[in-house]
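Novice: with the input below, show me the fold.
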Amino acid sequence: MDYPRYRAQGLHIGSGHAEATCKRVGVRMKGANKRWTPNGAEAMATLITDRASEDGRWARRWPPPIYQDAV
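Specialist: Model (predicted):
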(Lines give C-alpha, C1' and ligand atoms only; values in the text may rest on other atoms or scores of the structure.)
Protein backbone atom coordinates (compact mmCIF):
# COMPACT_ATOMS: atom_id res chain seq x y z
CA MET A 1 0.00 0.00 0.00
CA ASP A 2 1.19 3.50 -0.77
CA TYR A 3 0.66 5.02 2.68
CA PRO A 4 2.45 8.34 2.02
CA ARG A 5 0.20 9.02 -0.98
CA TYR A 6 -2.94 8.11 0.98
CA ARG A 7 -1.87 10.37 3.85
CA ALA A 8 -1.25 13.22 1.40
CA GLN A 9 -4.82 12.76 0.12
CA GLY A 10 -6.13 13.03 3.68
CA LEU A 11 -7.32 9.43 3.76
CA HIS A 12 -7.43 7.42 6.99
CA ILE A 13 -5.04 4.51 6.92
CA GLY A 14 -5.63 3.11 10.38
CA SER A 15 -8.35 0.70 11.46
CA GLY A 16 -9.74 2.92 14.22
CA HIS A 17 -12.56 4.41 12.16
CA ALA A 18 -13.69 1.02 10.89
CA GLU A 19 -13.57 -0.48 14.38
CA ALA A 20 -15.53 2.43 15.86
CA THR A 21 -18.17 2.08 13.16
CA CYS A 22 -18.52 -1.65 13.84
CA LYS A 23 -18.96 -0.91 17.53
CA ARG A 24 -21.57 1.77 16.84
CA VAL A 25 -23.58 -0.50 14.56
CA GLY A 26 -23.27 -3.40 16.99
CA VAL A 27 -24.47 -1.39 19.97
CA ARG A 28 -27.47 -0.06 18.05
CA MET A 29 -28.47 -3.41 16.61
CA LYS A 30 -27.77 -5.80 19.49
CA GLY A 31 -29.91 -4.13 22.13
CA ALA A 32 -32.23 -6.04 24.40
CA ASN A 33 -35.12 -7.77 22.64
CA LYS A 34 -34.06 -6.64 19.18
CA ARG A 35 -34.56 -9.14 16.39
CA TRP A 36 -33.77 -8.54 12.74
CA THR A 37 -34.50 -10.21 9.46
CA PRO A 38 -31.51 -10.17 7.09
CA ASN A 39 -33.11 -7.41 4.99
CA GLY A 40 -34.13 -5.38 8.04
CA ALA A 41 -30.64 -5.67 9.53
CA GLU A 42 -29.02 -4.48 6.32
CA ALA A 43 -31.42 -1.54 6.04
CA MET A 44 -30.85 -0.51 9.66
CA ALA A 45 -27.07 -0.81 9.37
CA THR A 46 -27.20 1.39 6.28
CA LEU A 47 -29.19 4.05 8.13
CA ILE A 48 -26.85 3.98 11.13
CA THR A 49 -23.74 4.37 8.98
CA ASP A 50 -25.33 7.03 6.76
CA ARG A 51 -26.21 9.05 9.86
CA ALA A 52 -22.67 8.68 11.24
CA SER A 53 -20.91 9.57 7.99
CA GLU A 54 -19.50 13.02 7.49
CA ASP A 55 -19.86 13.17 3.73
CA GLY A 56 -23.50 14.33 3.55
CA ARG A 57 -25.13 10.93 2.93
CA TRP A 58 -27.77 11.51 5.58
CA ALA A 59 -28.78 14.88 4.11
CA ARG A 60 -29.03 13.36 0.63
CA ARG A 61 -31.16 10.50 1.94
CA TRP A 62 -33.49 12.75 3.93
CA PRO A 63 -34.06 16.07 2.17
CA PRO A 64 -35.10 19.00 4.35
CA PRO A 65 -38.82 19.33 5.07
CA ILE A 66 -40.96 21.65 3.00
CA TYR A 67 -42.64 24.13 5.29
CA GLN A 68 -45.90 25.82 4.36
CA ASP A 69 -46.76 29.31 5.47
CA ALA A 70 -49.32 29.46 8.24
CA VAL A 71 -52.69 30.55 6.96
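
Novice: which SSE is the spatially most central residue of the chain in?
Specialist: Centroid-nearest residue in the chain: T49, 1.3 Å away (criterion: CA atoms, centre = their mean). Using DSSP states H and E, T49 maps to helix 38-52.

Novice: mind giving me the packing neighbours of that helix?
Specialist: If contacts are counted by 3 or more CB pairs under 8 Å, 6 or more residues apart in numbering; DSSP states H and E, helix 38-52 sits against helix 16-29, helix 57-61. From N, CA and C alone the C-beta is placed, and that goes for glycine too.

Novice: quick one: closest of those to R5.
Specialist: helix 16-29 (18.5 Å; CB to CB).

Novice: what residue ranges in this structure score low on pLDDT?
Specialist: 70-71 (pLDDT under 70).

Novice: swap in 50 and give it another go.
Specialist: Applying pLDDT under 50 to the chain picks out no residues at all.

Novice: do you know how far A43 is from W36?
Specialist: 9 Å (CB to CB, to the nearest Å).

Novice: find the nearest non-adjacent residue to R61, please.
Specialist: Residue nearest to R61 in three dimensions, not counting chain neighbours: D50, with 5.6 Å by CB to CB, 6 or more residues apart in numbering.

Novice: burial measure for the one you found, as a count.
Specialist: 16 (other CB atoms under 10 Å).

Novice: from R60, how far out is it?
Specialist: From D50 to R60 the distance is 9 Å (CB to CB).

Novice: quick revisit: what residues sit buried inside the helix holding T49?
Specialist: Within helix 38-52, the residues scored as buried using 16 or more other CB atoms under 10 Å are A45, I48, D50.

Novice: E54 and R61, how far apart?
Specialist: 14 Å.

Novice: which one's more surrounded, these two?
Specialist: Of the pair E54 and R61, R61 is the one with more neighbours under other CB under 10 Å, namely 11 against 6.

Novice: I appreciate the help and will end here.
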